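Student: Quick check, what structure comes out for this input:
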Amino acid sequence: MRSTQSRRLGLASVLALTLALALFGPAPTARADDPAPAGLTFTTDSASALPGGTVNVSMTITNHRTYDVWFVYQTIEPTWLTTQRPDLKYSFTGCNLATAVGSVPCSGTGPTNLGPNYGSTIPPGQSRTVTLTLQVAADSGCNGNIGFYSYFYAEFSDSTNTSGGPVYTPETRVLCA
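Tutor: Numbering: from 1, shown residues only. Below is the predicted model:
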(Lines give C-alpha, C1' and ligand atoms only; values in the text may rest on other atoms or scores of the structure.)
Protein backbone atom coordinates (compact mmCIF):
# COMPACT_ATOMS: atom_id res chain seq x y z
CA MET A 1 0.00 0.00 0.00
CA ARG A 2 2.80 2.39 0.88
CA SER A 3 4.49 1.68 -2.45
CA THR A 4 1.36 2.73 -4.34
CA GLN A 5 1.12 5.97 -2.34
CA SER A 6 4.80 6.75 -3.00
CA ARG A 7 4.34 6.22 -6.72
CA ARG A 8 1.24 8.44 -6.78
CA LEU A 9 3.05 11.15 -4.82
CA GLY A 10 6.07 10.89 -7.14
CA LEU A 11 3.84 11.02 -10.23
CA ALA A 12 1.96 14.00 -8.81
CA SER A 13 5.26 15.80 -8.14
CA VAL A 14 6.49 15.19 -11.69
CA LEU A 15 3.17 16.39 -13.13
CA ALA A 16 3.24 19.53 -10.94
CA LEU A 17 6.81 20.33 -12.05
CA THR A 18 5.90 19.74 -15.71
CA LEU A 19 2.87 22.02 -15.36
CA ALA A 20 4.96 24.73 -13.66
CA LEU A 21 7.58 24.58 -16.42
CA ALA A 22 4.87 24.74 -19.08
CA LEU A 23 3.25 27.78 -17.47
CA PHE A 24 6.32 29.75 -16.42
CA GLY A 25 9.18 28.32 -18.46
CA PRO A 26 12.56 27.29 -17.12
CA ALA A 27 14.46 29.72 -14.92
CA PRO A 28 16.73 32.04 -16.90
CA THR A 29 20.40 31.30 -16.62
CA ALA A 30 23.15 33.89 -16.61
CA ARG A 31 25.86 33.44 -19.20
CA ALA A 32 29.46 34.35 -18.53
CA ASP A 33 29.57 36.48 -21.71
CA ASP A 34 26.41 38.51 -20.87
CA PRO A 35 27.35 42.18 -20.51
CA ALA A 36 26.49 44.10 -17.38
CA PRO A 37 23.10 45.84 -17.70
CA ALA A 38 24.83 49.22 -17.45
CA GLY A 39 28.47 50.12 -17.24
CA LEU A 40 30.31 53.15 -15.87
CA THR A 41 33.78 54.17 -17.04
CA PHE A 42 36.07 57.10 -16.24
CA THR A 43 38.78 58.87 -18.22
CA THR A 44 40.86 61.98 -17.62
CA ASP A 45 42.42 64.36 -20.15
CA SER A 46 45.68 64.49 -18.19
CA ALA A 47 47.53 62.24 -15.77
CA SER A 48 48.99 65.22 -13.92
CA ALA A 49 48.36 68.84 -13.01
CA LEU A 50 50.21 71.71 -11.42
CA PRO A 51 48.78 73.59 -8.44
CA GLY A 52 46.27 76.04 -9.90
CA GLY A 53 45.62 73.76 -12.91
CA THR A 54 42.60 71.76 -14.01
CA VAL A 55 41.93 68.21 -15.18
CA ASN A 56 38.76 67.08 -16.94
CA VAL A 57 37.30 63.86 -15.49
CA SER A 58 34.85 62.24 -17.91
CA MET A 59 32.25 59.72 -16.74
CA THR A 60 30.46 57.59 -19.31
CA ILE A 61 27.46 55.41 -18.52
CA THR A 62 26.52 52.86 -21.20
CA ASN A 63 23.18 51.07 -21.46
CA HIS A 64 23.81 47.42 -22.42
CA ARG A 65 20.13 46.41 -22.05
CA THR A 66 17.32 46.35 -24.60
CA TYR A 67 15.30 48.81 -22.48
CA ASP A 68 15.85 52.51 -21.84
CA VAL A 69 17.67 53.73 -18.73
CA TRP A 70 15.16 56.06 -17.08
CA PHE A 71 17.00 57.00 -13.92
CA VAL A 72 20.60 57.05 -12.69
CA TYR A 73 21.86 57.81 -9.19
CA GLN A 74 25.61 58.13 -8.77
CA THR A 75 28.06 59.18 -6.08
CA ILE A 76 31.69 60.23 -6.37
CA GLU A 77 34.00 60.24 -3.37
CA PRO A 78 37.78 60.66 -2.87
CA THR A 79 39.76 57.46 -2.39
CA TRP A 80 41.19 56.66 1.02
CA LEU A 81 44.74 57.54 -0.11
CA THR A 82 43.52 60.93 -1.37
CA THR A 83 41.95 61.68 2.02
CA GLN A 84 45.25 60.89 3.75
CA ARG A 85 46.94 63.89 2.11
CA PRO A 86 45.29 66.96 3.69
CA ASP A 87 47.76 69.19 1.81
CA LEU A 88 46.12 68.24 -1.51
CA LYS A 89 43.44 70.85 -2.16
CA TYR A 90 40.94 70.49 -5.01
CA SER A 91 37.29 70.86 -5.94
CA PHE A 92 34.94 70.13 -8.81
CA THR A 93 34.16 73.47 -10.44
CA GLY A 94 32.31 72.57 -13.62
CA CYS A 95 30.04 70.01 -15.18
CA ASN A 96 29.18 69.48 -18.86
CA LEU A 97 27.06 66.90 -20.67
CA ALA A 98 28.17 65.88 -24.18
CA THR A 99 25.25 66.11 -26.64
CA ALA A 100 24.86 65.77 -30.40
CA VAL A 101 24.91 69.58 -30.71
CA GLY A 102 27.86 70.14 -28.40
CA SER A 103 28.53 70.36 -24.71
CA VAL A 104 25.86 71.79 -22.38
CA PRO A 105 26.15 72.64 -18.69
CA CYS A 106 24.73 70.07 -16.32
CA SER A 107 23.41 70.39 -12.80
CA GLY A 108 25.41 69.82 -9.65
CA THR A 109 28.99 68.79 -9.32
CA GLY A 110 28.31 67.19 -5.97
CA PRO A 111 29.87 64.27 -4.39
CA THR A 112 26.40 62.77 -4.56
CA ASN A 113 23.45 62.51 -6.91
CA LEU A 114 25.42 62.95 -10.13
CA GLY A 115 22.82 60.86 -11.98
CA PRO A 116 20.65 63.75 -13.20
CA ASN A 117 23.71 65.09 -15.02
CA TYR A 118 23.37 62.34 -17.65
CA GLY A 119 20.27 64.01 -19.03
CA SER A 120 17.13 62.23 -20.10
CA THR A 121 16.58 58.64 -21.13
CA ILE A 122 19.56 56.60 -22.32
CA PRO A 123 18.34 54.32 -25.15
CA PRO A 124 19.57 50.73 -25.53
CA GLY A 125 23.17 50.48 -26.71
CA GLN A 126 23.86 54.18 -26.22
CA SER A 127 26.01 56.14 -23.78
CA ARG A 128 26.02 59.50 -22.06
CA THR A 129 29.23 61.28 -21.06
CA VAL A 130 29.50 63.91 -18.37
CA THR A 131 32.75 65.79 -17.81
CA LEU A 132 33.59 67.27 -14.42
CA THR A 133 36.31 69.91 -14.13
CA LEU A 134 38.69 69.11 -11.28
CA GLN A 135 40.36 72.32 -10.10
CA VAL A 136 43.61 71.85 -8.17
CA ALA A 137 44.00 74.77 -5.75
CA ALA A 138 46.93 77.14 -6.28
CA ASP A 139 48.11 76.44 -2.73
CA SER A 140 47.75 72.64 -3.02
CA GLY A 141 50.52 70.35 -1.89
CA CYS A 142 52.59 68.51 -4.49
CA ASN A 143 53.70 64.97 -5.28
CA GLY A 144 50.42 63.36 -4.30
CA ASN A 145 47.68 61.59 -6.23
CA ILE A 146 44.05 62.67 -6.36
CA GLY A 147 41.63 59.84 -7.14
CA PHE A 148 37.93 59.11 -6.75
CA TYR A 149 35.58 56.15 -6.70
CA SER A 150 31.93 55.89 -7.60
CA TYR A 151 28.87 53.73 -7.01
CA PHE A 152 25.85 53.93 -9.29
CA TYR A 153 22.27 52.71 -9.50
CA ALA A 154 20.24 52.64 -12.74
CA GLU A 155 16.56 51.90 -13.39
CA PHE A 156 15.30 50.64 -16.74
CA SER A 157 11.96 51.13 -18.51
CA ASP A 158 11.06 47.46 -17.88
CA SER A 159 11.06 48.16 -14.10
CA THR A 160 14.35 46.38 -13.49
CA ASN A 161 17.41 47.98 -11.94
CA THR A 162 21.11 47.43 -11.48
CA SER A 163 23.84 48.80 -9.31
CA GLY A 164 27.59 48.79 -9.64
CA GLY A 165 30.80 49.94 -8.10
CA PRO A 166 33.14 50.82 -6.86
CA VAL A 167 34.42 52.18 -10.17
CA TYR A 168 37.69 54.12 -9.86
CA THR A 169 38.85 57.19 -11.76
CA PRO A 170 42.38 57.40 -13.09
CA GLU A 171 44.53 59.19 -10.53
CA THR A 172 45.78 62.71 -11.14
CA ARG A 173 49.31 63.40 -9.94
CA VAL A 174 49.82 66.91 -8.55
CA LEU A 175 53.32 67.95 -9.65
CA CYS A 176 55.54 70.75 -8.42
CA ALA A 177 56.63 73.23 -11.10
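
Student: who does Pro78 bridge with?
Tutor: Counting by DSSP bridges, Pro78 is bridged to Phe148.

Student: distance of it from Val101?
Tutor: Using Cβ to Cβ, to the nearest Å, Pro78 is found at 33 Å from Val101. Using the backbone N, CA and C atoms, a C-beta is placed for each residue, glycine as well.

Student: The two - which one has more neighbours?
Tutor: Pro78 (17 against 6; other Cβ atoms under 10 Å).

Student: how about that one, what does it touch?
Tutor: For Pro78, the contact set (Cβ atoms under 8 Å, 6 or more residues apart in numbering) comprises Ile146, Gly147, Phe148.

Student: Could you dump those into JSON lines and include distance to Gly119?
Tutor: Formatted as JSON lines, these follow (distance: Cβ to Cβ, whole Å):
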{"residue": "Ile146", "distance to Gly119": "27"}
{"residue": "Gly147", "distance to Gly119": "26"}
{"residue": "Phe148", "distance to Gly119": "21"}
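
Student: Make a markdown table from these and add pLDDT to it.
Tutor: Shown next, in a markdown table, are the contacts of Pro78 (pLDDT from 0 to 100):
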| residue | pLDDT |
| --- | --- |
| Ile146 | 96 |
| Gly147 | 95 |
| Phe148 | 94 |
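
Student: Looking at those, spot the one nearest Leu97.
Tutor: Set against Leu97, the nearest of those by Cβ to Cβ is Phe148 (18.6 Å).

Student: What's the local residue count around that closest one?
Tutor: A count of nearby residues for Phe148, using other Cβ under 10 Å, gives 24.

Student: Same question for the one 5 residues further on.
Tutor: Around Tyr153 there are 16 other residues, counting by other Cβ under 10 Å.

Student: Having no further points to raise, I will conclude here.
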